[in-house]
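[1] what follows is a predicted structure for the sequence shown.
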There are 2 protein chains.
Amino acid sequence: MALSAEKLTNNQQTVLDLLEKSKEPLKAYAILYDTQKKGIKAPLQVYRALDKLIEIGKVHKIESRNSYIACEHKNCNSSTSTSFLICETCDQVSELTQKNLPSYFAKQSEQADFKYAKHNLEIYGVCKDCTK
Amino acid sequence: MALSAEKLTNNQQTVLDLLEKSKEPLKAYAILYDTQKKGIKAPLQVYRALDKLIEIGKVHKIESRNSYIACEHKNCNSSTSTSFLICETCDQVSELTQKNLPSYFAKQSEQADFKYAKHNLEIYGVCKDCTK
DNA sequence: TAAAAAGTGTTATAATATAACATATCAAAT
DNA sequence: ATTTGATATGTTATATTATAACACTTTTTA
């Protein structure tokens, strides 16, 4: 079955629903706490759901924060590269949708004799709302 | 006292020496294990040394690996932005020294109404040695 | 040289994540 | 329809990463 058409299991859907409702990235144990009423009882259930969701590109991990966010792009199948804008004031995170980043990084890498495969970019600063 | 002239304490120097000798990034508990003969006995001693070394720019953290690497640049005082090339084959990490990355990211961020402050970039791929 | 700032040593514990194993579900190929 | 193989589940335990709290010491600076 194609990844994009993948049917989610109960636990996976529960975790994804929560992340999609959330304004900010959530930590695994926050997800656990918030999904107890839906029957998720142990950390592993959360991590396994997250693993799958990340694999199919529905969720991304923000490495520097140990937190997880639903992908903003509809029908995103990519779990490879991620680029985030992280507001240091309000902690909100948005994705930088820059189609040419991979090729830019590939070029930069090449100059260091390095073969680019994928990347994780975390940009910190101040978001639109917080500059007002 | 200027950061660049900062004198390191014993623990800080011990941790930095180890990282500078290492070919790969090291994890905190690996550092702890390897510095026991130098008198470092507890995780907190390692983390405190790392915190300081990161603050003065001598060490960087690789977020997606929970590991630490000595800065390759002599007299680097910057703890703000980091850019790494991480080899998925041999786990060696080098720094991408691209002076114009910050301004490039600032420009990209601006298009999303986001005020760039600093960044963390982790590029995965295959290093020169491993492509042979 | 006193006060302030930074670092140390230590114990305990918090936060994040995975191992191991038995069982269950489900798609698809006989 | 039924076996099969892949994937998911539930559960307990534990590994890994990181910080809190507190008493004390050293270094810096005014």
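    The structure has been received and is ready for your questions.
[2] just the strands in chain A please.
    Remark: strands assigned in chain A by DSSP state E are A:26-27, A:59-62, A:67-70, A:82-87, A:93-95, A:115-126.
[3] make CSV from the ones you listed and add mean pLDDT and distance to B:Y47 to it.
    Every C-beta, even on glycine, is put in place using the N, C-alpha and C of the backbone. Shown next, in CSV, are these (pLDDT from 0 to 100; distance: least, CB to CB, whole Å):
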stretch, mean pLDDT, distance to B:Y47
strand A:26-27, 98, 20
strand A:59-62, 96, 21
strand A:67-70, 97, 20
strand A:82-87, 96, 23
strand A:93-95, 95, 26
strand A:115-126, 96, 21
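[4] tell me the residues of chain A that contact DNA strand D?
    For chain A, the residues in contact with DNA strand D (CB under 7 Å from any atom of the strand) are A:9-12, A:39-45, A:48-49, A:52.
[5] highest neighbour count among the residues you listed?
    A:A49 (26 neighbours; other CB atoms under 10 Å in any protein chain shown).
[6] correct me if wrong: it contacts A:N11.
    Yes. Using CB atoms under 8 Å, A:A49 is in contact with A:N11, at 4.7 Å.
[7] overlap in contacts, the two.
    Residues touching both A:A49 and A:N11 by CB atoms under 8 Å, 6 or more residues apart in numbering or on different chains: A:I40.
[8] now tabulate the strands of chain A in JSON lines and tack on distance to B:A70 and mean neighbour count.
    Putting the strands of chain A into JSON lines (distance: least, CB to CB, whole Å; neighbours: other CB atoms under 10 Å in any protein chain shown) gives the following:
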{"stretch": "strand A:26-27", "distance to B:A70": "30", "mean neighbour count": "19"}
{"stretch": "strand A:59-62", "distance to B:A70": "25", "mean neighbour count": "22"}
{"stretch": "strand A:67-70", "distance to B:A70": "28", "mean neighbour count": "21"}
{"stretch": "strand A:82-87", "distance to B:A70": "26", "mean neighbour count": "23"}
{"stretch": "strand A:93-95", "distance to B:A70": "30", "mean neighbour count": "18"}
{"stretch": "strand A:115-126", "distance to B:A70": "21", "mean neighbour count": "21"}
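[9] distance to B:N100 added to these, as TSV?
    Converted to TSV, those look like this (distance: least, CB to CB, whole Å):
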stretch	distance to B:N100
strand A:26-27	34
strand A:59-62	25
strand A:67-70	28
strand A:82-87	17
strand A:93-95	23
strand A:115-126	15
